[in-house]
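K.L.:
generate coordinates for the sequence data below:
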Amino acid sequence: QVQLVESGGGLVQAGGSLRLSCRASGRTFSAHAAGWFRQAPGKEREFVAAISYDSGSTYYSDSAKGRFTISRDNAWNSVYLQMNSLKPEDTAVYYCVADSRRFIGVVTPYQDQYDYWGQGTQVTVSS
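P.N.:
Predicted coordinates:
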């Protein structure tokens, strides 16, 4: 079992940056693919970015490409999302996710791949 705890959300002006962190419990987190989803008020949950267990593969949504960077530090059981050039439309609750299967080198934007979900952290971008 993997438990995920997000941090780093907050209020930022448009054009600013935030770095989200996700700390995982469990010594095998380094074997699991992980990622981020988000959900804005009144909208469906959507994929943001994902990274394979060994950082060999990453996948970004079109809206995240070029502005967000996903990374991980397996020594710290952590996954990060660096968000730059933030826009008001990035306002959402951001969820950290992980795949329960081990050593999966391919990551996808599909929610079905990810079995573990954190509680979420709020990101608000003001115009």
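K.L.:
quick one: the most centrally placed residue in the chain from residue 114, how far?
P.N.:
Residue closest to the average C-alpha location in the chain (C-alpha atoms, centre = their mean): residue 36, at 2.3 Å. The gap separating residue 36 from residue 114 is 10 Å, by C-beta to C-beta, to the nearest Å. Any C-beta I mention is one placed from the backbone N, CA and C, and that applies to glycine too.
K.L.:
give me the nearest residue to the residue nearest to the centre of the chain, chain neighbours excluded.
P.N.:
Once flanking residues are discounted, residue 36 sits nearest to residue 48: 4.2 Å by C-beta to C-beta, 6 or more residues apart in numbering.
K.L.:
which ones are touching that neighbour?
P.N.:
By C-beta atoms under 8 Å, 6 or more residues apart in numbering, the residues touching residue 48 are 35, 36, 37, 38, 60, 61, 63, 64, 68, 81, 94.
K.L.:
which ones among these map onto helices?
P.N.:
Judged by DSSP state H, helices contain none of the contacts of residue 48.
K.L.:
can you select the buried ones from these in ChimeraX?
P.N.:
Of the contacts of residue 48, the buried ones can be selected in ChimeraX as follows, counting by 16 or more other C-beta atoms under 10 Å:
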select :35,36,37,38,60,61,64,68,81,94
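K.L.:
now the contacts of residue 48 as CSV including pLDDT and distance to residue 74?
P.N.:
As requested, the contacts of residue 48 are exported to CSV (pLDDT from 0 to 100; distance: C-beta to C-beta, whole Å):
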residue, pLDDT, distance to residue 74
35, 98, 15
36, 98, 17
37, 98, 21
38, 98, 24
60, 98, 20
61, 98, 24
63, 97, 27
64, 98, 22
68, 98, 20
81, 98, 16
94, 98, 21
